[in-house]
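Q: Provided below for reference: sequence and predicted model.
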Amino acid sequence: MAEPRSTAGDLFQALVEYSSDAIVLADATGRMLFLSRTAERLLGYPVSDRLGGSIFEHLHPDDVPKAQALFEDALHEPHVPKTLVVRNLHRDGRWRDIEAIVVNRLDEPAVGAVVTNFRDVTERRHAEDALRASEAKYRFFIERAAFGIYRSTEDGRILEANPAFARILGYGSVEEVMALNMADIYQSQTDRTALLDSHRGTEGGTTEVRWKKKNGEPILVRLAARTIVDAEGHESYETIAEDITERRALEDQLRRAQKMEAIGRLARGIAHDFNNVLAAIVGSADLLAHRYPADHPAHDEAVEIRKAAERGAAFTRQLLAFGRQQPLEPQPVNVHEVARAFESTLRRILGSTVTLTVQAVGKAPVVRMEPGQLEQVLMNLAVNARDAMPDGGTVDVTLDAVDVNKRNAARYPGLPPCRYARVAVRDSGIGIDADLQRQMFEPFVTTKDPDKGTGLGLSIVYTIAKDTGGTVACTSVPGKGTSFEVLLPAMSNP
């Protein structure tokens, strides 16, 4: 005998009974008229126990008002689905999150009830809560990170950024910095192009670039970036930025200190040997001076030789002090008197092709320093000026005093306000380019041939000025000459 064929009604009944979503039919009061088998699994109660009961009966007390309000809204808007999530008490005693969709079908004869589809979304809600907590924790660390963190596109749009990124660039808020394009931040677009080329199609890496802050100040930044690709294949770059400007400055200072220490050791070794040579020159000059009468030209030449050797001995003492093996013995020095007495030596150093003028302005300032240090400053600056003018030129030496105050403090950074003796040496030579100006006071930095200079001259001038509490300022334009200003604290009561 053939089995009876299933009717459409039977198929629909099976679809309802075994749907993954539970289906409940209720009347206008919320009394349940029908529950699918899935409802029994989701709620934990047999269908027979729940039929005739209220759909609000096992809801959490805090959720009942909103469930009733939504049910009323559904009654007044037939055929318009209403959705909410409520907590329902399972038979095992646990609260389960239930997502319900309520539709008023009372005017349909085939249904004649309020239809509710619901599913258990407890695990999904827990996963969402965990995700939100994770995102909040992630956001917490990002927002409070010491390093700048941002995400940008290849065309330079900034998609996300944290407060540290804004602080690095000197902006007051994330919103302000996100209005920029990355092209506005790089000092050189070549740096950004090279960075993009290196990261394109790779996992990323670390590099150092130069940015500029809101006020235009340049900074050195270390970037650690990686390329990410979204579901649509669009690339962007997640980057961590660290401002290493100050660190690099400290490292440079350490390198300079180490270099100076090495020079000090070298200077100590040279100075001792040189002293022996000078002692022989002084002795020979004395013998020569005694051999000729005072009115003989050779007598004057011998005296000059002895004076030059004595100045060399003074320079040797300064080299030993530079190497910190011999202590300085400062005493009051009249700047104008020393410069006038040393003028003839300067003329011999500069040679016949260079015109020298020495001008002393105002009352002669007195500074406290090692005897001979001022001569060494003048000699080194004169030698530099001479070498910058191979075809001859002019050197102007001006001696005066200057008061450092708020008006001119920017020209002499780091100097405390007071009165200083100023020794200015200006030449008409080839000038110094900007790159060399940044490191010209470092030992062994020179553009001269090895047989014409060691690169120690300006370093010693700078060290002498700093040891007295002063400084050295330089102004130079390539092709138009160079001017050095050596400032030394003036004694108020010499």
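A: In hand now; what should we look at?

Q: show me what contacts the closest residue to residue 196 other than its chain neighbours?
A: Of all residues beyond its chain neighbours, the one nearest residue 196 is residue 154 (6.3 Å), with distances taken as C-beta to C-beta, 6 or more residues apart in numbering. For glycine as for every other residue, the C-beta is placed from the backbone atoms N, C-alpha and C. For residue 154, the set of contacting residues under the criterion of C-beta atoms under 8 Å, 6 or more residues apart in numbering consists of 196, 235-237.

Q: if I look at residue 154, how far off is residue 235?
A: Applying C-beta to C-beta, to the nearest Å, one obtains 6 Å for the distance of residue 154 from residue 235.

Q: Could you do residue 105 as well?
A: For residue 105, the distance to residue 235 under the criterion C-beta to C-beta works out to 50 Å.

Q: Could you tell me how many residues sit around residue 413?
A: The criterion is other C-beta atoms under 10 Å. On that basis, residue 413 has 8 neighbouring residues.

Q: In contact with the closest residue to residue 429 other than its chain neighbours, which residues?
A: Once flanking residues are discounted, residue 429 sits nearest to residue 388: 2.9 Å by C-beta to C-beta, 6+ apart. The neighbourhood of residue 388, defined by C-beta under 8 Å, 6+ apart, consists of 427, 429-431, 481-482.

Q: how does it look with 7 Å?
A: 427, 429-430, 482 (C-beta atoms under 7 Å, 6 or more residues apart in numbering).

Q: Output the residues you listed as TSV; include the columns secondary structure, neighbour count and distance to residue 51.
A: As requested, those are arranged in TSV below (DSSP: H, G, I helix; E, B strand; the rest coil; neighbours: other C-beta atoms under 10 Å; distance: C-beta to C-beta, whole Å):
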residue	secondary structure	neighbour count	distance to residue 51
427	strand	25	108
429	coil	25	107
430	coil	19	105
482	strand	23	103
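
Q: out of those, which one sits closest to residue 34?
A: residue 482 (99.9 Å; C-beta to C-beta).

Q: Look up the closest residue to that closest one, ignoring the ones flanking it.
A: Residue 482's closest residue in space is residue 476 (C-beta to C-beta, 6+ apart), at 4.0 Å.

Q: and the helix or strand where the one you found lies, which strands flank it?
A: Following DSSP states H and E, one finds residue 476 within strand 471-477. On the basis of DSSP bridges, the sheet neighbours of strand 471-477 come out as strand 481-489 (antiparallel).

Q: buried stuff in the strand it pairs with?
A: When burial is assessed from 16 or more other C-beta atoms under 10 Å, strand 481-489 yields the following buried residues: 481-489.

Q: Can you tell me what sits against it?
A: Taking contacts as C-beta under 7 Å, 6+ apart, the residues outside strand 481-489 that touch it are 367, 369, 377, 381, 388, 402, 412, 415, 418, 420-429, 431-432, 461, 465, 468-476.

Q: now the helices: where do they sit in the stretch 101-250 of the chain?
A: For the stretch 101-250 of the chain, the helices identified by DSSP state H, counting those that start in this stretch occupy 122-143, 163-168, 174-178, 189-199, 245-291, in order along the chain.

Q: any chance of these in a markdown table, with distance to residue 350 and mean pLDDT too?
A: Output for the helices of the stretch 101-250 of the chain, formatted as a markdown table (distance: least, C-beta to C-beta, whole Å; pLDDT from 0 to 100):
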| stretch | distance to residue 350 | mean pLDDT |
| --- | --- | --- |
| helix 122-143 | 64 | 72 |
| helix 163-168 | 50 | 88 |
| helix 174-178 | 55 | 88 |
| helix 189-199 | 44 | 76 |
| helix 245-291 | 23 | 76 |
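
Q: Which of the ones you listed has the highest mean neighbour count?
A: Comparing the helices of the stretch 101-250 of the chain on average neighbours per residue, with mean count of other C-beta atoms under 10 Å, the densest one is helix 163-168 at a mean of 20.

Q: For that one, name the packing helices and strands.
A: Contacts of helix 163-168 with other secondary structure elements, assessed using 3 or more C-beta pairs under 7 Å, 6 or more residues apart in numbering; DSSP states H and E, are made with strand 148-153, helix 174-178, strand 235-243.

Q: Among the ones you listed, which comes closest to residue 250?
A: Of all the helices and strands packed on helix 163-168, it is strand 235-243 that lies closest to residue 250, at 13.0 Å by C-beta to C-beta.

Q: Average pLDDT for that closest one, rounded please.
A: Taken as a whole, strand 235-243 has an average pLDDT of 85.

Q: what lines up beside it in the sheet?
A: Strands adjacent to strand 235-243 in the sheet, as given by DSSP bridges, are strand 148-153 (antiparallel), strand 218-229 (antiparallel).

Q: For residue 421, grab phi and psi.
A: According to degrees, to the nearest 10, the main-chain angles of residue 421 amount to phi -80, psi 130.

Q: what does residue 414 give?
A: Main-chain dihedrals, residue 414, degrees, to the nearest 10: phi 90, psi -10.

Q: count of neighbours near it?
A: Using other C-beta under 10 Å as the criterion, residue 414 is surrounded by 7 other residues.

Q: what's the closest non-adjacent residue to it?
A: Leaving aside its sequence neighbours, residue 414 is closest to residue 471 (6.8 Å, by C-beta to C-beta, 6+ apart).

Q: Could you give the bridge partners of that neighbour?
A: In this structure, residue 471 has the following beta-bridge partners (DSSP bridges): residue 487.

Q: What residues are bridge-paired with the residue minimising distance to the centre of the chain?
A: When the chain is reduced to its mean C-alpha position, the nearest residue by C-alpha atoms, centre = their mean turns out to be residue 243, at 2.1 Å. For residue 243, the residues forming beta bridges with it (DSSP bridges) are residue 221.
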